[in-house]
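Chemist: compute the structure for the input listed below.
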Amino acid sequence: MTPYGLPYQVVSRSAAMRVTALDPGLLHDTLGTPAGERTRLDFLELQAPTPAAAQLWQAATVFVSQRLAGLESVPSLLSGQLAHLLAVTALSLFPCRTPDPRRVDSTDATSATLRRALAYIDSHAHRDITLADIARAACASPRAVQQAFRSRRDTTPLAHLRRVRLEQAHRDLQAATPDTSTVTRIAARWGFAHTSRFAAYYREVFGHPPAMTLRHGAPRP
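Modeler: All right, here's what the predicted structure looks like:
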């Protein structure tokens with residue numbers, strides 16, 4: 001881990017290196033930092049604090065590299081989800097000094113806030129949106145939006161976004177056939193990088209694997 005915007009030098013012999021560059025804006029979006037409070041993120045360690053953390057970071061970068069390998073074009077939603085995965089992993093593993101969290105005004109966690117957030121998610125689920133985007137559309141802080149979803153829907157904004165994307169993938173699977181598409185391709189279109197995880201989410205919601213929908217359409221009850 002190297003400080004953002006500062007020069008650094010690496011000396012190596014007979015080494016193969018994988019470099020992962022994360023935009024500070026992506027990290028702030030992942031944290032849900034309001035636009036006016038985005039200061040520099042200072043990582044306190046240049047290395048992962050433990051061998052286990054280093055292994056997790058390596059596993060995340062290898063997964064993203066393998067997922068993108070050989071693809072002529074990458075759906076924007078999938079690339080955004082993979083970038084978000086790396087950002088979440090980096091912020092979880094590498095000690096970092098972040099801006100002070102914004103205080104939550106409970107009066108912002110209203111039904112109107114929830115309606116605005118739901119409308120934005122429904123109309124933008126095909127795009128790479130973050131909690132910060134949802135909060136801006138709802139005219140509230142990220143934490144207020146989270147509080148509105150927890151208190152009024154017993155879920156989170158991102159869990160609801162995943163459900164909306166699952167429903168869109170379900171419709172695409174119903175309209176497609178094995179000759180015209182694949183489960184992996186449709187899952188990637190809706191931001192699901194891991195096909196087996198997508199299948200688990202899909203089965204939990206619809207009661208059958210996505211491959212069954214692709215082959216036969218929606219099964220009769």
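Chemist: how far does stretch 70-84 stretch from one end to the other?
Modeler: Its first and final residues considered, stretch 70-84 spans 21 Å by CA to CA, to the nearest Å.
Chemist: buried sites along that stretch?
Modeler: Buried residues in stretch 70-84, counted by 16 or more other CB atoms under 10 Å: 75, 77-84. From N, CA and C alone the C-beta is placed, and that goes for glycine too.
Chemist: again, but for stretch 53-68
Modeler: Quick answer for stretch 53-68 (16+ other CB under 10 Å): 53, 57, 60-61, 63-64, 67.
Chemist: mind listing which of the residues you listed are in helices?
Modeler: 53, 57, 60-61, 63-64, 67 (DSSP state H).
Chemist: quick one: residue 175 from residue 112, how far?
Modeler: Residue 175 sits at a distance of 35 Å from residue 112 (criterion: CB to CB, to the nearest Å).
Chemist: ditto for residue 92
Modeler: Counting by CB to CB, the gap from residue 92 to residue 112 is 33 Å.
Chemist: and what of residue 22?
Modeler: Distance from residue 22 to residue 112, by CB to CB: 35 Å.
Chemist: look at these two and report which has more neighbours.
Modeler: Neighbours were tallied for residue 22 and for residue 112 using other CB atoms under 10 Å; the higher tally belongs to residue 22 (17 against 12).
Chemist: residue 87 is in contact with the more buried one, correct?
Modeler: Yes - contact criterion CB atoms under 8 Å: residue 22 and residue 87 qualify, at 5.9 Å.
Chemist: please enumerate the helices of this protein.
Modeler: Taking DSSP H as the test, the helices found in the chain are 24-31, 51-68, 76-93, 111-124, 131-138, 142-153, 157-175, 183-189, 195-206, 210-216.
Chemist: how many neighbouring residues does residue 162 have?
Modeler: Residues near residue 162, counting by other CB under 10 Å: 19.
Chemist: wait, what's in contact with it?
Modeler: residue 201 (CB atoms under 8 Å, 6 or more residues apart in numbering).
Chemist: please apply the same query to the one 10 residues further on.
Modeler: When contacts are counted by CB under 8 Å, 6+ apart, residue 172 is found next to 181, 186, 189-190.
Chemist: so for residue 100, what's the pLDDT?
Modeler: pLDDT recorded at residue 100 is 50.
Chemist: what of the one 5 residues further on?
Modeler: You'll see residue 105 listed with a pLDDT of 51.
Chemist: same list, the contacts of residue 172, but as TSV with neighbour count, pLDDT and distance to residue 121 please.
Modeler: Formatted as TSV, those follow (neighbours: other CB atoms under 10 Å; pLDDT from 0 to 100; distance: CB to CB, whole Å):
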residue	neighbour count	pLDDT	distance to residue 121
181	15	91	25
186	23	94	20
189	18	91	17
190	22	93	13
